[in-house]
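**Q** Quick one: sequence and predicted model below, then my questions.
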Amino acid sequence: MPSLSLSNVFNAPCSQSFITTFTQQPLKPNHTLESIIHDSPPSIVAITQEDQHILKLIKPRSWHEYFKLFWRHSRYHKEIKGNLLLRRIGLQVPEIYETGIGLIPTSHYDYLGFYIMENLKKRGFETVLDYFRDPDLSPAYRQKLFASMIADLEKMRKHLVLFNDLHLRNIMATPNGEIAWIDTGVTHFHWYSRKKFQKKFRDSVSRLINYYDDNLLNESELQRLKALATF
């Protein structure tokens, strides 16, 4: 039963125990967080001190989410299943090394669960947003990067997969144009819900188009996104 020590990144000592639901490689039974990358109402993303892996802690938004754990419908399950689904249809995602759910109530029962995954920055990945905001980015590389992103979105569209939080921080890339997807909460629609999927997919792409108000995307890129959302 792993436990997470949060004392190194929070002012007050804090830890929580979890039940391991999957482990791919022998990891230490207790995980100490070295630093926090992102802290938001839905989750905390941090780096582990031992292996410099990425660890994501899922926070409950309401008490209902504790019960959804039993039916595997929680946001914790959705992100892990989304990672496996995107990999299955041919997209690159971080490798998941360990998962755990917090079914043991303690005085610090603050998280639904956690998963430990590959730190893509070790392989030279940075967010697509960082690349697009780099004034020295070459037009040829930008075009290649955008084309790879569109190709992956076309695969999702073909398989009726909706990426729920579509923005450029959730897409990472290497200097040679290799891309990977993170924060993999997705929804997989059945064939009989195609009409619903089409609407949701259009809404998701429209959200991406309007997500940045600093002319980040050029006219050609905007047109390609609009064409992608046309069924």
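**A** Received it, and whenever you're ready, just let me know what you need.
**Q** so where's this structure uncertain?
**A** 1-15, 25-30, 63, 103-109 (pLDDT under 70).
**Q** For it, just list every one of the strands.
**A** For the chain, the strands defined by DSSP state E occupy 3-5, 15-17, 19-23, 30-39, 43-48, 54-58, 96-101, 113-117, 126-127, 161-163, 171-173, 179-181, 186-188.
**Q** give me the number of residues near residue 55?
**A** Using other Cβ atoms under 10 Å, residue 55 has 24 neighbouring residues. To be clear about C-beta, it is placed using only N, CA and C from the backbone, and glycine gets the same treatment.
**Q** Where does the record place the domain boundaries for this protein?
**A** Following automatic domain parsing, the chain resolves into domains at 3-120, 124-228.
**Q** Please name the residues that touch the spatially most central residue of the chain.
**A** By Cα atoms, centre = their mean, the chain has its centre lying nearest to residue 183, at 0.8 Å. By Cβ atoms under 8 Å, 6 or more residues apart in numbering, residue 183 lies in contact with 79, 165, 170.
**Q** mind redoing it with 10 Å?
**A** 38, 42-43, 45, 56, 79, 82-83, 163-167, 169-171 (Cβ atoms under 10 Å, 6 or more residues apart in numbering).
**Q** go on, residue 149?
**A** If you count contacts by Cβ under 10 Å, 6+ apart, residue 149 has them with 128, 166, 168, 171, 173, 179, 181, 208, 221, 224-225, 228.
**Q** how does it look with 8 Å?
**A** 128, 171, 179.
**Q** Would you confirm that the first one contacts residue 177?
**A** Spelled out, it's residue 128. No: using Cβ atoms under 8 Å as the test, residue 128 is too far from residue 177 to be in contact (10.7 Å).
**Q** So in this protein, which helix runs the longest?
**A** Ordering each helix of the chain by length in residues (DSSP state H) puts helix 139-158 first.
**Q** which of the residues in that one are buried?
**A** Using 16 or more other Cβ atoms under 10 Å as the test for burial, helix 139-158 gives 142, 145-146, 148-149, 152-153, 156-157.
**Q** For those, please prepare TSV with the additional fields distance to residue 65.
**A** Compiled in TSV, the buried residues of helix 139-158 are given as follows (distance: Cβ to Cβ, whole Å):
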residue	distance to residue 65
142	39
145	35
146	36
148	34
149	31
152	29
153	29
156	25
157	29
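**Q** if I look at residue 128 and residue 177, which residues touch both of them?
**A** residue 145.
**Q** who has more neighbours, these two?
**A** Neighbour count, other Cβ under 10 Å: between residue 128 and residue 177, residue 128 has more, with 21 against 16.
**Q** from the chain's centre, how far out does stretch 131-138 sit?
**A** Its chain's C-alpha centre lies 23 Å from the corresponding centre of stretch 131-138 when counted by Cα atoms, centre = their mean, to the nearest Å.
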